[in-house]
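> just a sequence and a predicted model for now, questions to come.
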Amino acid sequence: MGAQYIVAQQATGAGWLGFAPLIFIFAIFYFLLIMPQQRRQKKWQQMLGELKTGDKVVTSGGIRGTIIALKDDYIHLRVPPDNLRIEITRSSIASVTTSDEKAKAA
């Protein structure tokens with residue numbers, strides 16, 4: 001009966017050892033994929049929160065314009081060359097070009 005207990009203990013130890021590669025692979029995926037995506041998402045949310053009138057922005061569809069009004073979830077843009085006024089969702093803003101130019105000049 002004692003020999004069976006020792007064999008069972010060894011099998012349990014080997015079972016945990018079998019999960020080690022899976023845990024290692026998950027850790028690699030977390031540090032290479034999940035964590036950088038969370039950083040980008042946080043940076044993008046911060047950028048959306050700091051939008052103000054007069055900022056020049058680029059939408060995810062490639063439309064470039066200047067913010068003329070901010071609402072809760074919508075933004076009014078003035079788009080050249082005809083100064084067309086369009087309303088877009090705040091989440092469709094891909095980048096702000098005004099602050100980038102100021103940062104390069106400083």
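It's in.

> where in the protein is pLDDT low?
Within the chain, the set of residues satisfying pLDDT under 70 comprises 1-15, 99-106.

> okay, now the domains of it?
Domains of the chain are assigned by automatic domain parsing as 1-49, 53-105.

> dump those into a markdown table; add mean neighbour count as well.
For the C-beta atoms, the positions are set from N, CA and C on the backbone; glycine is no exception. Output for the domains of the chain, formatted as a markdown table (neighbours: other Cβ atoms under 10 Å):
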| stretch | mean neighbour count |
| --- | --- |
| domain 1-49 | 10 |
| domain 53-105 | 13 |
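
> all the helices of this protein, in order from the start?
Listed in chain order, the helices of the chain (DSSP state H) span residues 2-29, 35-49, 98-105.

> these two touch, right, residue 59 and residue 89?
No - applying Cβ atoms under 8 Å as the test, residue 59 and residue 89 come out as separate, 9.2 Å apart.

> look up how far residue 35 lies from the spatially most central residue of the chain.
Nearest to the mean C-alpha position of the chain, counting by Cα atoms, centre = their mean, stands residue 41 at 2.2 Å. Remark: distance between residue 41 and residue 35 (Cβ to Cβ, to the nearest Å) = 11 Å.

> likewise residue 26?
Relative to residue 35, residue 26 is positioned 12 Å away (criterion: Cβ to Cβ).

> got it, and residue 45?
From residue 45 over to residue 35 the distance is 16 Å, taken as Cβ to Cβ.

> now do residue 94
Applying Cβ to Cβ, one obtains 22 Å for the distance of residue 94 from residue 35.

> one more: residue 76?
The gap separating residue 76 from residue 35 is 36 Å, by Cβ to Cβ.
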